[in-house]
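*Asks:* attaching a predicted model along with its sequence, questions to come.
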Amino acid sequence: MAKYIFKRLLGMIPTLLIIITLSFFIVRIAPGGPFDGERALPEAVKANIEAKYHLDEPVLQQYGRYLFDVVRGDLGPSYKYKDNDVNYYIFTSLPNSAVLGSVAIVLALFFGILFGVMAALYQNSWIDYLTMAIAVIGISVPNFVVAPVLQLVFAMNLGWLPTSGWYTTGEGYATIVLPAISLSLAYFATIARLTRSSMLDTLRSDYIRTAKAKGMKNSTIIMKHAMKGAMLPVVSYLGPAFAGVITGSIVIEQVFRVPGIGKFFVQSSFNRDYTLIVGVVIVFSVILVIMNFFVDIVYALLDPRIAY
Amino acid sequence: MENNKKVILDVKDLQTYFLTDAGVVKAVDGVSFSVREGETIGIVGESGSGKSVTNLSIMKLIPSPPGKIVGGEVIFEDQNILDLSEKELREIRGDKISMIFQDPMTSLNPFLKISTQMIETIRLHNKNVSKEEAREKSIKVLEDVGIPAARERIDSYPHQFSGGMRQRVMIAIALSCNAKVLIADEPTTALDVTIQAQILELIQSISKKYGTSVILITHDLGVVAGMCDEVCVMYAGRIVEKALTDDLYKKPLHPYTEGLIKSVPRMDTSGSKEKLFSIEGQPPNVIDLPPCCPFHPRCHKAMEECKHAYPPRKVFDGHEVSCWLYATDEEKNAVLKSIGSTEENDK
Amino acid sequence: MFNKKKKDENESGAVNEFDQVVEGNSLTKDAWKRLRKNKMAVIGLVVVCIYAFLSAFASFLPLYAYDEIVLDHQNLPPSWNTSAGDLMMQDKLEDLYFTSWKEGRLLLTDEQDAQIREWIEESKTTKVWDLVYTEGQKQLAAGNFAWTASEQKKIDKLQKEIETELFITVNNVKVDGVKIEKLSSDEVAQIYADLLGLDSTTAILEQTQKEMRSLVQNDLDLTDDQRAVLSEEDFAKRVDEAIADMGEETYQQKVVDNLVGKVDAQILRNVTKELKAQNTEGTISFPYDEMITVDGNVTTEVIATLKSNRHYLLGTDYSGRDLLARIIYGGQISIMIGLVGTFFSVFIGIVLGALAGYLGGRVDYIIMRIVDVMYGLPYMLIVIITMAIFGRSIMNLFIALGIVSWLTIARMVRGQIMSLKNSEYVEAARSMGAKTWRIIFKHMIPNSLSIIIVYSTLRIPAFIMQESFLSFLGLGVQAPVASWGSLISNGVSSMTIYPWRLIFPSIAMTLFLFAMNFFGDGLRDAFDPQSKNQL
């Protein structure tokens, strides 16, 4: 197992290296630099700024410097915000996004598996149909439609929950509910469908027949014999789900005015604040790569057939 | 034929249908046989003849829907299994009647250790056995079925065993309780030829040692010859011939059985360069089968009667057969007369 | 009995010894049968067809132009039978009644007052306006309420506007039956001079020349920095070169087009004055569509409608553009992006997957490593970066989405080719001298086509969602072009006051995605019944 973990850890390195390299060169080739829009700068000032951002060095040296900085955890200065560097903006907003994303994933996993298993057990019952109906809605309706509709109905018309805001700014923990539900719906839907179909497949498998022939109770069979196998596709789906939640949170944060990292991402892509965009992408990618690593480990723990 | 051993499992006129979109599949249509204490009975037939469904029906393990047991009785220990509640059934399954399946690769849960799968079975049917006791018993049974270094290997996962070893584990699980009847559903089909013999021998010796009755399902008449006391030959959901093994081999009555026996390669018909016999054609699709002998299109002795009604069952000295060849003239005439009249009606 | 019936239905079908019908089944035929049995999939297919029809023939439908801004008609609510003018008037009256209520001239019951205050508290302004309007109209009719002089003036002014504001278009300007575009620049200049009442065309031609040159200068392929350092003479030289490159004929045609535009504009001005005068006299009725003669031998078709006669079935947006037209044209864009994007990504996927599978070895290793790494990336973010850096255009959107979404199809195709390459019949064919790539091509197409089609069908809604996601963030298509995502994004900003601007685009998009998903799922189940309900 230790060997497997080590191998997986090593496998993360090329991915991260590619991301950082791509980021560096994207910033280099992108039109418009840190002083775009401030035309006719005197040569001296221009040189000063170039020296400040190390733009006067050879490209390879810049790349080495950048790589070294990123590995140290320094994402450099922002091209647009002069007060603080990229790290400051990312790490003050990241916790909010992380809370939102985690709550959404936990909701999606818990209810997705619960409803998926129920739907498989009581196939063609009302709970099956209900689950599948919600699943179809969740898969077909994009989150930027779900979010405002939920906001319109539950916050504005019924007044049950706050319209927007975030608990860190003193608006209460109820502010998490609507954003988290809007964000999790699509993943709930997919997980419920996956769980249902893989549970049905597993229940048809030979080893479940064996378990039945042994005289085991249905509920025991499901919990003890079918669950592990049925969860494998769900675990594999978690990687794409994390990526989706990260992307989706950008929209959700915008609709519900959550002070998360998504705001900076959108703003910086409008201002062409390349260091900030690239910083956000690197942080997201690192999170995703780590998540995928954990997914692989969980998968290996679940399935003994994986060769360590 | 005399047999004074006690009948332990009695299947009477069992009927299992599958209700599919394409029509009703009469997978098992009026099957009867009995299993005696300590004896081995073979059920032989091509794939799709209903042998597996028969045995799943005995355990009431038919997936429903689409499957449904529509008639018959399965008497075990003076009660009809088919009438039992799910809870009562669970007490019999795996405890008194155990099953071994065809494919040991998929029949063991790949996600659980062998120890877990064995201990849970033992403790399921003997509530007062502790985990440690169950573990010791498992190791003993594993040694019984010939797994070397059972104590070390019991905590392995199924994929760490070879196919033959897995089938031994399956047998061990089946024997870990108080099995009176062991249903072995093609236990050797998925295994290498060399392993096949070992597994069959194992089943035979276990049956002797524990006094367990065995229902052996197979498509291989050669296997039956060496192992079974009695044989049922199934075709299209019915038993077409049933006899003691020796009788059946010496004097097969049904043309289908005859064909099956002839198509087994034999060493003793020495040196002859005869081509191996094979039965022409394929078994019928049993969806909405009209009344007739389902074997008639492949039968070289087929007569007019065969096409219009299912043959009556005849018993000659304990040797049962369903074929028009052995029907009385009155029975044949009755069928011929009825077709004649319907043809006139059609005109 | 049952068998007999079955047999009758399939007269042509062969029958075996048991009177059972023996039917040959091809995969496609079988799949089609299963698909037709799936009701939701069929409904999905029908809905998709309707959408496809509407988008394909959008320009032939009786719709208002999707990008026509009518500032008077901002945020009008949807209505089946009330014209834009009436809605404008109602809007104005609601406003005036509300002011009157605030000033204490419109008297309501105490309960109503309390209710209104509560609504204002909850910012449910729509309800407030509805109430004061109905109550006000009632009281006005009963004579309990009267407008002040200044209010009455405002109402009259609006009424006059509603009655007189026209939409006029001038088409098909002809001179002696010849289309004006076919004439020479001198002739067109002469007509323009006549219209303006000038004696000579010299000034006109000079002005046009000047305009043309500055147009060409703007189109020169230069960066801002280069422009800053170029002198007048340098520019003049470059412009001359550019015009010479263009060729005399093309240049002349451009001059003519410029002049024709001026003529059209002048005719429109004259006609507008004329029609407005007729409208005040009441000697004209709308819609008006006639050939008229302007100035001797020049004729033109004039179409005129009263602005306030328009009906907006689904209301209008913040610039007074017809929402129905925008949804249909937005759908056109969204569906096109879905189709083209899918085609693009499937194409890349097939090429790279085939290369990896066929060549194997190092190429395969490199391509599959890229796939693995890209699978681990938050790829929508990459798309956003690409859009941010290379500009927000539809073309860039295609490229960005295409770059990141070929992964799955490449894996599928590679797997297919690998298994084919190793299959025994390919081996056999090869031993008989057939070329491997030919065998693979011949067998892969029929084998993989169904998988690729099914996958593509499920890809289209995903693509549309991604495009809309970007447009929602403002990184997708840019106004005045609409897509469902940008319409929804606009709607969200004002959903409490003008909910229809959010609701209708959302419904349009969701319905299509539903239909597409049901159809895609049905197709997959039909082609691959084993994987039923799998994702």
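*Replies:* Yes, it's here.

*Asks:* A:Arg272 - how many residues pack around it?
*Replies:* By other Cβ atoms under 10 Å in any protein chain shown, 19 other residues sit near A:Arg272. Where you see a C-beta, it was placed from the backbone N, CA and C, and this is true even at glycine.

*Asks:* I meant B:Ser85, not that one.
*Replies:* Look at B:Ser85: counted by other Cβ under 10 Å, it has 8 neighbours.

*Asks:* ditto for C:Trp437
*Replies:* Per other Cβ under 10 Å, the neighbour tally for C:Trp437 reads 13.

*Asks:* residue contacts, the closest residue to it other than its chain neighbours?
*Replies:* When the adjacent residues along the chain are set aside, C:Trp437 lies closest to C:Tyr358, with 6.5 Å between them (Cβ to Cβ, 6 or more residues apart in numbering or on different chains). Applying Cβ atoms under 8 Å, 6 or more residues apart in numbering or on different chains, we find C:Tyr358 in contact with C:417, C:421, C:436-437, C:440.

*Asks:* helix, strand, or coil at the residue of chain C at minimum distance from chain A?
*Replies:* Distances between chain C and chain A by Cβ to the nearest Cβ are smallest at C:Ala388, namely 3.6 Å. Three-state call for C:Ala388 (DSSP: H, G, I helix; E, B strand; the rest coil): helix.

*Asks:* which one is it nearest to, not counting chain neighbours?
*Replies:* A:Ser269 (3.6 Å).

*Asks:* contacts for the helix or strand where the one you found lies, please.
*Replies:* Under the criterion of DSSP states H and E, A:Ser269 resides in helix A:261-271. By Cβ under 8 Å, 6+ apart, the residues outside helix A:261-271 that reach it are A:78-80, A:89-90, A:93-94, A:96-97, A:249-254, A:273-274, A:276-277, A:280, A:283, C:381, C:384-385, C:387-388, C:473-475.

*Asks:* spatially nearest residue to A:Arg65 (excluding sequence neighbours)?
*Replies:* With sequence-adjacent residues excluded and distances taken as Cβ to Cβ, 6+ apart, A:Arg65 is closest to A:His54, at 6.1 Å.

*Asks:* returning to what we had before: correct me if wrong: the residue of chain C closest to chain A contacts C:Gly474.
*Replies:* No - C:Ala388 is not in contact with C:Gly474 according to Cβ atoms under 8 Å; the separation is 10.8 Å.

*Asks:* so these two - more neighbours on which side?
*Replies:* C:Ala388 (22 against 18).

*Asks:* for whichever strand or helix holds A:Val245, give the mean pLDDT please.
*Replies:* A:Val245 is part of helix A:227-256 when elements are defined by DSSP H and E. For helix A:227-256, mean pLDDT rounds to 85.

*Asks:* what's the angle from that helix to helix A:261-271?
*Replies:* Interaxial angle, helix A:227-256 versus helix A:261-271 (axes from the mean of the first three to the mean of the last three Cα atoms, to 10 degrees): 60 degrees.

*Asks:* any weak-confidence spans in the chain?
*Replies:* Using chain A here. Applying pLDDT under 70 to chain A flags the ranges A:30-43, A:45-46, A:49, A:52-53, A:55, A:170, A:307-308.

*Asks:* wait, chain C was what I had in mind.
*Replies:* Within chain C, the stretches with pLDDT under 70 are C:1-27, C:221-226, C:286, C:376, C:436, C:443-447, C:528-535.
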